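[1] Give the three-dimensional model of this entry:
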Amino acid sequence: MRFAAALLVALALAAPAAASEERPTPAELESELVCPVCESTLDTSNAPVALRMKAFIRERVAAGDTKSEIKSALVDQFGPAVLAVPPRRGFGLIAWLLPLTGLALGVVVVGALAWRWSHTRSGDELPDDSGAPPLDPALERRVDDELARYE
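    Prediction:
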């Protein structure tokens, strides 16, 4: 029963993704591509090259090209830097794994430091002065007098 429900959910989510690949909208592609001049997404850029890229996208969508075909043509012309999201293969995989690795390493370091701090702390107790030599009675009286002046 659970497997069938999971399968239905997976199919329901896969259908819009497949439709998006086959019939992309210009707005969708413009949010996934970067202007090579101003390095902002096409949907926020008004640079001349961005306007030409937007026109190219509209032409290719009208011609029935898929999202992958349009992106591939723009990558061939401008290079992989035109993609807003790096590919999950090759060198682009580093952009996906490096933040996750850094986050995991940070969690491990903070956890280790917290564990160490909690196990080395002796609580809120005052340190044991049993090993210190006793104060001279005259010096102790003088310290008490000085402290009494400030109370």
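
[2] give me the low-pLDDT residue ranges for the chain?
    Low-confidence regions of the chain, defined here as pLDDT under 70, cover residues 1-20, 87-89, 91-92, 121-131.

[3] Could you pick out the longest helix of it?
    In the chain, ranked by residue count with DSSP state H as the criterion, the top helix is helix 92-120.

[4] And the residue nearest to residue 47 when sequence neighbours are not counted, its phi and psi?
    Nearest in space to residue 47, with sequence neighbours left out and distances taken as C-beta to C-beta, 6 or more residues apart in numbering, is residue 37 at 4.5 Å. No exception for glycine: its C-beta is placed from N, CA and C like everyone else's. The phi and psi values for residue 37, taken as degrees, to the nearest 10, are phi -90, psi -60.

[5] for residue 37, what are its contacts?
    Taking C-beta atoms under 8 Å, 6 or more residues apart in numbering, we find residue 37 in contact with 45, 47-50.

[6] In ChimeraX, how would I select the buried members of these?
    Selecting only the buried entries of these in ChimeraX, with 16 or more other C-beta atoms under 10 Å as the criterion:
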select :45,50
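
[7] The contacts of residue 37 into JSON lines, with extra columns for secondary structure and distance to residue 31?
    Putting the contacts of residue 37 into JSON lines (DSSP: H, G, I helix; E, B strand; the rest coil; distance: C-beta to C-beta, whole Å) gives the following:
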{"residue": "45", "secondary structure": "coil", "distance to residue 31": "11"}
{"residue": "47", "secondary structure": "coil", "distance to residue 31": "16"}
{"residue": "48", "secondary structure": "helix", "distance to residue 31": "20"}
{"residue": "49", "secondary structure": "helix", "distance to residue 31": "17"}
{"residue": "50", "secondary structure": "helix", "distance to residue 31": "13"}
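
[8] Of the contacts of residue 37, which is the nearest to residue 112?
    Within the set of those, residue 45 lies nearest residue 112; the separation is 44.8 Å, counting by C-beta to C-beta.

[9] Against which helices or strands is the helix or strand that the longest helix of the chain is followed by packed?
    Secondary structure here is assigned by DSSP states H and E; on that basis, the next helix or strand after helix 92-120 toward the C-terminus is helix 137-149. Using 3 or more C-beta pairs under 8 Å, 6 or more residues apart in numbering; DSSP states H and E as the contact test, no helix or strand touches helix 137-149.

[10] Send me helix 137-149 as PDB with only the CA atoms.
    These are the backbone C-alpha positions of helix 137-149, laid out as PDB (Å, rounded to 0.1, in the frame of the first residue of the first chain):
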ATOM      1  CA  PRO A 137      46.900  36.600  58.800                       C
ATOM      2  CA  ALA A 138      48.000  40.200  58.500                       C
ATOM      3  CA  LEU A 139      47.600  40.200  54.700                       C
ATOM      4  CA  GLU A 140      44.200  38.500  55.000                       C
ATOM      5  CA  ARG A 141      43.000  41.200  57.500                       C
ATOM      6  CA  ARG A 142      44.200  43.900  55.200                       C
ATOM      7  CA  VAL A 143      42.300  42.300  52.200                       C
ATOM      8  CA  ASP A 144      39.200  42.100  54.300                       C
ATOM      9  CA  ASP A 145      39.500  45.700  55.400                       C
ATOM     10  CA  GLU A 146      39.900  46.900  51.800                       C
ATOM     11  CA  LEU A 147      36.900  44.800  50.700                       C
ATOM     12  CA  ALA A 148      34.800  46.200  53.500                       C
ATOM     13  CA  ARG A 149      35.400  49.700  52.300                       C
END
